[in-house]
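> Need the 3D shape of this:
(one chain, ligands or ions: 1)
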Amino acid sequence: MWSTWLEYARNDNDELVVGPILTTLFLTLLPLVLLIIFLLHRRKSTQTIPASPLPPGPTGLPLVGYLPFLRTDLHRQFTELSSLYGPIYKLWLGKKLCVVIGSTSLAKQVLRDHDTVFANHDMSVTAYVATYGGNDIVFQPYGPEWKKLRKIFVREMLSKSSLDGMYGLRREEVMKSVRHVYDVVYKAGTSPVDFGSLAGSTVVNVIMSMIGGVSLKAGEKTIDGVEFRKLTTELMVLIGKPNVSDLFPGLAWLDIQGIERETKKVIRVFDAMFGSAIEERKRIITEGGGEVQRKDFLQLLLEMINDHDHEDGTNATTISLAQLKAILMIIGHCSGWNGHNNDCAGMGNGRASQESRGNEVQEELTQVVGLTNTVEDFHLSKLTYLNAVIKETLRLHPPVPLLVPRYPSQSTTIGGYNVPKGAKIFLNVWAMHKDPSNWENPLEFRPERFLNNSDDDDDDASKFDLLGNNFNFIPFGSGRRACAGVPLAERMLLYVLASFLHAFEWELPCGGKVELSEICGIVLKKREPLLIFPTPRLSIIYR
Ligand code: HEM
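As a prediction, this is how the structure comes out:
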């Protein structure tokens, strides 16, 4: 080889010409040298900055991981595992790597320090089907489309003026429910009321009314509050079920457990219902010459489907029909969370009475509202004790105990451990809310924690808002993906509870105790219904 090169490198006089030899040598060796430098550099960088390890965690079985060991009280099981493996640990569910965060300081790292990286909710196959292909806010990936939907939700649908404007709808439905308890339950006899179911169906009726009407049609079938609640519960159960299709994406097309099929069946009913509500509203608009009196969510959203251009020609708030339906869907679905929370708050009040702590809630209602008036929206901000009862109940029984799972858009170090891109992140709020390093006697029901009893700024109870600013108390999550429905949820919880507690004395059956155990799918549910007897306090008003 060398002799051939030398032959080429001789000039016409048979003298050696060194330049071409060096050039050829240089061009041949350069890639080799660069490759060696690159490999050395890579070796050095992996040696000097070791990648953080994955968090510790239980070993499961081959292929299925920890899946066979999951219990239905997932929030408690995750808390128990935390005491073995620490505030951050991993478990494999099939092919899916899950990371559980169980301390306030690590939650802060995820939800505040790395907020944008973790600003995505993990979408399951069921959630995809249930939200018209991820067209809603909850499962929309973090980006411009999510920002647009969130803006519509917060600034237009749930703005103060919009919620004030819909107060009449809320009032009508709550009054109907109170009268129902008075006429049907109290007058008819002595059977107790399932408080959770009563509060839950009232909330659902209110939400349905705000969506577009209390009885909606799906084909020939009329969907009333009871049926709507049944459908949302069914959907919640389906979303909460561990699905083989999520854990082994390669098998998703088989839909082994039939969860996708079942979800599609439920969604078809919702779709028919929303479809007919839209058609009916369009008919009313046409017949009314383009004018419609009713300003509910459906009307607001329909106006966004029609052209909603700004003067500069941009079209910032236009939504598609699928997005409209997905938004209605998420409002209906979240009403289930709200309904369940009424159950818990009622339980909280029952427990407060049971523990002979006085009947502060009703004393406050008598003072603020008076015995000859019904509760109105403007009373709510003055009901500080009831507010504290609700917050204390949300602390002990957060309705979404593991929040909506997130996933990081890039691998990130949390608490010294590597949390890989795409892992499913559970934030165990149920455990954080009971952490003795954050709360004194955390298992005691003490609404006073949320009352401002002192002049000391550090003791200011108002720092515990529902917006997730204090990481010791985050029932609605925190950061940019925190619950967008807080203004409505807060008003509804207060209004529905205040109305029932003002209208009736609620008594446990003789010698009864409030049963506190819960079960957990995606939301926490009370295992046993809270059965209590109503006796009217304000009979004059409801006669
Ligand atoms: C007591 C009732 C409710 C509770 C406890 C609750 C709780 C939550 C939680 C924990 C999240 C996830 C937060 C996170 O990842 O940090 C969430 C998200 C959300 N909630 Fe609620 N919620 C309630 C009621 C409502 C209502 C009534 C609505 C609608 C009117 C609503 C709309 C939403 C939306 C749109 C999101 C997704 C926000 C986003 O991804 O940007 N919620 N909620």
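> Enumerate the residues of the stretch 101-250 of the chain near the ligand.
Contact residues, the stretch 101-250 of the chain versus the ligand (CB under 6 Å from any ligand atom): 121, 137, 138, 150, 153. All C-beta spots, glycine's among them, are computed from the backbone N, C-alpha and C.
> Format the residues you listed as CSV; extra columns: distance to residue 415.
Formatted as CSV, those follow (distance: CB to CB, whole Å):
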residue, distance to residue 415
121, 22
137, 29
138, 26
150, 29
153, 32
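> which of those residues sit farthest apart?
121 and 153 (14.4 Å; CB to CB).
> Between the two, tell me which one has more neighbours.
residue 121 (23 against 19; other CB atoms under 10 Å).
> Now the phi/psi pair for the more buried one, please.
phi -90, psi 130 (degrees, to the nearest 10).
> from memory it sits against residue 139, does it?
Yes: the pair residue 121 and residue 139 passes the contact test of CB atoms under 8 Å, sitting 5.4 Å apart.
> From the residues of the stretch 101-250 of the chain next to the ligand, which land in helices?
If you go by DSSP state H, those have residue 150 in helices.
> which of the residues of the stretch 101-250 of the chain next to the ligand lies closest to residue 256?
Distances from residue 256 to those, taken by CB to CB, are shortest for residue 121, at 24.2 Å.
> Pull the contacting residues for the closest one.
Residues near residue 121 by CB atoms under 8 Å, 6 or more residues apart in numbering: 138, 139, 404, 405, 406, 407, 481.
> Next, give me the two most distant ones among those residues.
Every pair of the contacts of residue 121 checked by CB to CB; the farthest is 138 and 407, at 13.3 Å.
> How about the spatially most central residue of the chain, nearest residue that isn't a chain neighbour?
By CA atoms, centre = their mean, the chain has its centre lying nearest to residue 404, at 4.9 Å. Of all residues not flanking residue 404 in the chain, residue 121 sits nearest, at 4.8 Å (CB to CB, 6 or more residues apart in numbering).
> which residues pair with that neighbour across the strands?
residue 406 (DSSP bridges).
> And it, how close does it get to residue 322?
The gap separating residue 121 from residue 322 is 18 Å, by CB to CB, to the nearest Å.
> Need the per-residue pLDDT for residue 118.
On pLDDT, residue 118 comes in at 98.
> Confirm it sits in a strand?
No: going by DSSP: H, G, I helix; E, B strand; the rest coil, the assignment for residue 118 is coil, not a strand.
> Can you say which helix or strand has the residue of the stretch 201-350 of the chain found nearest the ligand in it?
Residue of the stretch 201-350 of the chain nearest the ligand, by CB to the nearest ligand atom: residue 334 (3.3 Å). Take DSSP states H and E as the rule and residue 334 turns out to sit in helix 321-354.
> got the buried residues for the next helix or strand after that helix?
Downstream of helix 321-354, the first helix or strand assigned by DSSP H and E is helix 360-368. Judged by neighbour count using 16 or more other CB atoms under 10 Å, the buried positions of helix 360-368 are 360, 361, 362, 364, 365, 368.
> can you give me how far helix 360-368 is from the chain middle?
32 Å (CA atoms, centre = their mean, to the nearest Å).
> residues making contact with it?
349, 352, 375, 379, 382-386, 389, 447, 498, 501-502, 505, 537.
> Could you tell me which of the residues you listed belong to strands?
residue 505 (DSSP state E).
> out of the contacts of helix 360-368, which are buried?
Buried among the contacts of helix 360-368 (16+ other CB under 10 Å): 349, 352, 375, 379, 383, 385-386, 389, 447, 498, 501-502, 537.
> Before we go further, residue 98 is sitting in a helix, right?
No: counting by three-state DSSP, residue 98 is located in no helix; its state is strand.
> since we're on it, how many residues are nearby?
20.
> Grab the nearest non-local neighbour of it.
residue 424 (4.6 Å).
> Next: residue 192.
Using CB to CB, 6+ apart, the closest residue to residue 192 is residue 531 (4.0 Å).
> Going along the chain, name the strands of the stretch 201-350 of the chain.
216-218, 221-223 (DSSP state E, counting those that start in this stretch).
> Which of those strands has the lowest mean pLDDT?
Looking at those, the weakest mean confidence is strand 216-218, a mean of 70.
> what sits against the residue in the stretch 151-300 of the chain that the ligand sits nearest to?
When scored by CB to the nearest ligand atom, the stretch 151-300 of the chain has residue 153 as its residue closest to the ligand, at 5.7 Å. With contact set as CB under 8 Å, 6+ apart, residue 153 has these partners: 137, 327, 484, 485.
> In these, which residue is surrounded by the most others?
Tallying neighbours with other CB under 10 Å puts residue 327 at the head of those, with 27 neighbours.
> now, among the contacts of residue 153, which is nearest to the ligand?
When the contacts of residue 153 are compared for distance to the ligand (CB to the nearest ligand atom), residue 485 wins out at 2.1 Å.
> Counting neighbours, what do you get for residue 71?
Counted with other CB under 10 Å, the neighbours of residue 71 add up to 11.
> That one looks like it's in a helix, true?
No: secondary structure assignment (three-state DSSP) places residue 71 in coil, not in a helix.
> which non-adjacent residue is nearest it?
Residue nearest to residue 71 in three dimensions, not counting chain neighbours: residue 77, with 4.8 Å by CB to CB, 6+ apart.
> now for the helix or strand hosting that neighbour, which elements pack on it?
Per DSSP H and E: residue 77 is located in helix 74-85. Contacts defined by 3 or more CB pairs under 8 Å, 6 or more residues apart in numbering; DSSP states H and E place helix 74-85 against strand 88-93, strand 96-101, helix 429-432, strand 518-520.
> Just say which of the ones you listed is most tucked in.
When you average the neighbours per residue for each of the helices and strands packed on helix 74-85 (mean count of other CB atoms under 10 Å), helix 429-432 leads with a mean of 26.
> Report the backbone C-alpha coordinates of that helix in PDB.
Output in PDB follows, covering the C-alpha atoms of helix 429-432 (Å, rounded to 0.1, in the frame of the first residue of the first chain):
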ATOM      1  CA  VAL A 429     -51.800  13.700  48.700                       C
ATOM      2  CA  TRP A 430     -53.700  11.500  51.100                       C
ATOM      3  CA  ALA A 431     -50.400  10.700  52.900                       C
ATOM      4  CA  MET A 432     -49.000  14.200  52.700                       C
END
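> That helix and the ligand, are they touching?
No: figure legend: helix 429-432 not in contact with the ligand (CB under 6 Å from any ligand atom); closest approach 7.5 Å.
> how's the chain carved up into domains?
2-48, 67-542 (automatic domain parsing).
> TSV for the ones you listed, including distance to residue 55?
Shown next, in TSV, are the domains of the chain (distance: least, CB to CB, whole Å):
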stretch	distance to residue 55
domain 2-48	21
domain 67-542	4
